[in-house]
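*Asks:* here is my input, please return the structure:
(one chain, ligands or ions: 2)
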Amino acid sequence: MKIFKSPQIREIDKTTIEQEPVLSINLMERAAWQLHKFIEEKFSKDKPITIFAGPGNNGGDAVALARLLTDNNYNANLWLLKIGKDRSADCQANIKRLEGYSNIQTHELSDNDKFPEIPANHLIVEGIFGSGLTRPAEGWPAEVIEFINTLPNPVMSIDIPSGLFSEDNRQNNGAIIKADYTVSFEFPKLAFVLSENELYVGEWQALSIGLLPKTINDTSTKYYYTTENDLPLLKNRTKFAHKGHFGHALLVAGSFGKTGAAVLAAKACIRSGSGLLSIHIPQFSYSIMQSCVPEAMLVIDETEQIYCQKDHLEPFTVVGAGPGIGQKKSMREALHTLITNTDAPMVLDADALNIISQNHELMDLLPKGSILTPHPKEFDRLTKKHEFHYERIETAREMAEKQKLIVVLKGANTAVIDVNGDVHFNSTGNPAMAKGGSGDVLTGIILGLLSSGYDPIDAARLGVFVHGRAADLALQKESEESLIATDIINHLGLAYKSIRELQ
Ligand SMILES: NC(=O)C1=CN([C@@H]2O[C@H](COP(=O)(O)OP(=O)(O)OC[C@H]3O[C@@H](n4cnc5c(N)ncnc54)[C@H](OP(=O)(O)O)[C@@H]3O)[C@@H](O)[C@H]2O)[C@H](O)CC1
Ligand SMILES: [K+]
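*Replies:* Numbering: from 1, shown residues only. Ligands and ions are numbered 1, 2, ... in the order given. Okay, here's the model as predicted:
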């Protein structure tokens, strides 16, 4: 699914209005229908609803919604906010359509008025400002927003929480609605998938209002939201396939006290399709690895506790490095040698990334198409400190394009950034994954997919999606507290199956 910037959405709206053709007020009616349907699915008719409508088309949606709810026997109270001089034409037309609706309680509210008392059992729906926000919310509109934020009631925002810009909020010092639900139209906004806006957006949905598919196709973007409908196809194995068709992965992982990271990454790798897996480990962990991952072959290092011996790389088609390796000096040198001598695409995580951040020359030596999987702190160590994820994504795009690397910025809505700067936000996963070991599993999954023949970008996008899907499936049996990285590995089979069934 594409994510567009506000001016692009306005263009797509305009083209739909002209070419479908459909009157703009009827497009607004479709939007209001979707809002109404969302409410009907979530709240019974005895839930009273208080609606705030601003001066633009966001307010127009709110007014139209009040009418549809009333038609469907909900009890709706509508507050028309007096902001600025004029209301938009479609907002005014919808206010006019309320004539004859004696059962909608409609009130005007301006900056001379006291704020109304809203009983705690009401759902608040707010359509104060939408994508037409031109500046941070200040003065009286900001007071209304702060007033709503102080109430205990659940709040649903129309299109976007009022006061939030659709993309870049770095300069936004105004008031912003803290919504429990945000119901947007056709596409999510970039702001929804950025961590700095977590407090405002709540649970969001993007519902179709029938914008023209051809226009959507023809409009290009750098931002995408990956649902199961947008995934690369899973490969099917042929009858005479043998292990040699699915690559031989080398995994450099684990050190004294961190063998678990190697076990998790290795298990995830062999459960993600790799034909053969060799794990390069220090001597002490020989019997642990042999018994925990009997499917893998072992390359035993000459040292006891850490990885520091040069690899003979001929047999390997892909190389993964980082989980649990530590940052000792001899290890750093071995990683340097590994990177210098590898032509195959690499998957680099954790301490491998920390070492690169202290030896920046390694960045230029990485094989093109390699995949880096930093969490925000590791990424900031690699580049510079970022206060906003919006900015971090932009830096990651520059890095991916310049170095021809794939950057997987981990977190809620993990961003997979392609060598051409395209950003694919992931849609699966849950907060129970925020635990040690989850990242090691992801490294293993991506390595397994890469080994079995997927292009690096497909391996990264699929890997991130399946990792989150497996955790979502595991959470059906576990709790946010109890879910562990091993549960993710144990649900990989079901996760791959659930994706294949839909393709
Ligand atoms: N395809 C779709 O997504 C559809 C969306 N719809 C809805 O339309 C809105 C966008 O409507 P628009 O009229 O362009 O903009 P807004 O309603 O968000 O607001 C514009 C008015 O608000 C004033 N404004 C803006 N910022 C401020 C501020 N900080 N303080 C005070 N006033 C502000 C602005 O006044 P200006 O002085 O800035 O001109 C306007 O009066 C979208 O979000 C959807 O909800 C359609 O209904 C269907 C298609
Ligand atoms: K809004």
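*Asks:* can you give me the strands for the stretch 301-450 of the chain?
*Replies:* Secondary structure of the stretch 301-450 of the chain by DSSP state E, counting those that start in this stretch: the strands cover 318-321, 346-348, 371-372, 406-409, 415-417, 423-426.
*Asks:* what does the fourth one contact?
*Replies:* Contacts of strand 406-409 from elsewhere in the structure, counted by C-beta atoms under 8 Å, 6 or more residues apart in numbering, are 369-376, 379, 392-393, 396, 399-400, 414-419, 442, 446, 456-457, 460, 464. Any C-beta I mention is one placed from the backbone N, CA and C, and that applies to glycine too.
*Asks:* let's go with 6 Å and repeat that
*Replies:* For strand 406-409, the surrounding residues in contact (C-beta atoms under 6 Å, 6 or more residues apart in numbering) are 371, 372, 373, 379, 396, 400, 415, 416, 417, 456, 457, 460.
*Asks:* what of stretch 245-256?
*Replies:* Contact with stretch 245-256 is made by 261-262, 265-266, 269, 273-281, 285, 305-307, 315-321, 323-326, 447, 451-452, as judged by C-beta under 6 Å, 6+ apart.
*Asks:* buried subset of those?
*Replies:* With burial judged by 16 or more other C-beta atoms under 10 Å, the buried subset of these is 261-262, 265-266, 269, 273-281, 285, 305-307, 316-321, 323-326, 447, 451-452.
*Asks:* OK, contacts around the residue nearest the centre of the chain?
*Replies:* Ranked by distance to the mean C-alpha position of the chain (C-alpha atoms, centre = their mean), the top residue is residue 413 at 1.9 Å. Residue 413 sits next to 193, 425, 426 when contact means C-beta under 6 Å, 6+ apart.
*Asks:* tally of neighbours for the second one?
*Replies:* Looking back up the chat, that one is residue 425. Counted by other C-beta atoms under 10 Å, the residues lying close to residue 425 total 23.
*Asks:* list, one by one, the residues from the protein near ligand 1.
*Replies:* 9, 13, 27-28, 31, 54-61, 83-84, 88, 129-135, 137, 141, 158-159, 185, 209 (C-beta under 6 Å from any ligand atom).
*Asks:* ok, 5 Å please
*Replies:* 13, 27-28, 31, 55-58, 61, 84, 88, 129-135, 137, 141, 159, 185 (C-beta under 5 Å from any ligand atom).
*Asks:* could you find the closest non-adjacent residue to residue 463?
*Replies:* Nearest residue to residue 463, sequence neighbours excluded (C-beta to C-beta, 6 or more residues apart in numbering): residue 446, at 3.8 Å.
*Asks:* pLDDT score assigned to the residue of the chain positioned farthest from its centre?
*Replies:* No residue in the chain sits farther from the centre than residue 100, which is 45.1 Å out by C-alpha atoms, centre = their mean. As predicted, residue 100 sits at a pLDDT of 86.
*Asks:* doesn't it fall inside a strand?
*Replies:* No. Using DSSP: H, G, I helix; E, B strand; the rest coil, the secondary structure at residue 100 is coil, not a strand.
*Asks:* roughly how far apart are it and residue 491?
*Replies:* With distances taken as C-beta to C-beta, to the nearest Å, residue 100 is found 56 Å from residue 491.
*Asks:* and residue 462, by the same measure?
*Replies:* Counting by C-beta to C-beta, the gap from residue 462 to residue 491 is 15 Å.
*Asks:* likewise for residue 148?
*Replies:* Per C-beta to C-beta, residue 148 is found 40 Å from residue 491.
*Asks:* swap in residue 23?
*Replies:* The value you get for residue 23 to residue 491, if C-beta to C-beta is used, is 49 Å.
*Asks:* which bits of the stretch 101-250 of the chain sit near ligand 2?
*Replies:* 130, 157, 158, 162 (C-beta under 5 Å from the ion).
*Asks:* which residue ranges form the helices in the stretch 151-300 of the chain?
*Replies:* 198-201, 213-218, 259-270, 286-292 (DSSP state H, counting those that start in this stretch).
*Asks:* try the stretch 301-450 of the chain
*Replies:* With helices called from DSSP H, counting those that start in this stretch, the stretch 301-450 of the chain shows them at 329-341, 350-358, 361-365, 376-382, 389-403, 438-451.
*Asks:* relative to helix 350-358, how tilted is the last one?
*Replies:* Orientation check (axes from the mean of the first three to the mean of the last three C-alpha atoms, to 10 degrees): helix 438-451 against helix 350-358 gives 90 degrees.
*Asks:* for the longest one, same thing?
*Replies:* Taking the same axes, to 10 degrees, one finds that helix 389-403 is oriented at 80 degrees with respect to helix 350-358.
*Asks:* quick one: list the elements packing against helix 389-403.
*Replies:* Helices and strands touching helix 389-403, by 3 or more C-beta pairs under 6 Å, 6 or more residues apart in numbering; DSSP states H and E, are strand 406-409, strand 415-417.
*Asks:* before we move on, what about the last one?
*Replies:* Secondary structure elements in contact with helix 438-451, counted by 3+ C-beta pairs under 6 Å, 6+ apart, are helix 259-270, strand 318-321, strand 346-348, helix 456-474, helix 485-490.
*Asks:* try 7 Å
*Replies:* Helices and strands touching helix 438-451, by 3 or more C-beta pairs under 7 Å, 6 or more residues apart in numbering; DSSP states H and E, are strand 248-252, helix 259-270, strand 318-321, strand 346-348, helix 456-474, helix 485-490.
*Asks:* re earlier: residue 23 and residue 491: which is more packed in?
*Replies:* Neighbours were tallied for residue 23 and for residue 491 using other C-beta under 10 Å; the higher tally belongs to residue 491 (24 against 12).
*Asks:* ok, now how distant is the more buried one from residue 408?
*Replies:* 20 Å.
*Asks:* residue 282 too?
*Replies:* 27 Å.
*Asks:* more neighbours, these two?
*Replies:* Taking neighbours as other C-beta under 10 Å, residue 282 and residue 408 compare with residue 408 leading, 27 against 24.
*Asks:* show me what that one bridges to in the sheet.
*Replies:* residue 416 (DSSP bridges).
*Asks:* distance-wise, check it relative to residue 462.
*Replies:* 12 Å.
*Asks:* quick check on the residues of the chain next to ligand 1: which are buried?
*Replies:* For the residues of the chain next to ligand 1, buried by 16+ other C-beta under 10 Å: 13, 27-28, 31, 55-58, 61, 88, 129-133, 137, 141, 159, 185.
*Asks:* report pLDDT for residue 309.
*Replies:* In this model, residue 309 is scored at 87, pLDDT.
*Asks:* surely it and residue 301 touch.
*Replies:* Yes. With contact defined as C-beta atoms under 7 Å, residue 309 reaches residue 301; the gap is 4.7 Å.
*Asks:* show me the domain layout of the protein.
*Replies:* 2-219, 245-501 (automatic domain parsing).
*Asks:* which of those sits most buried?
*Replies:* Of all those, domain 245-501 has the most neighbours on average by mean count of other C-beta atoms under 10 Å, namely a mean of 20.
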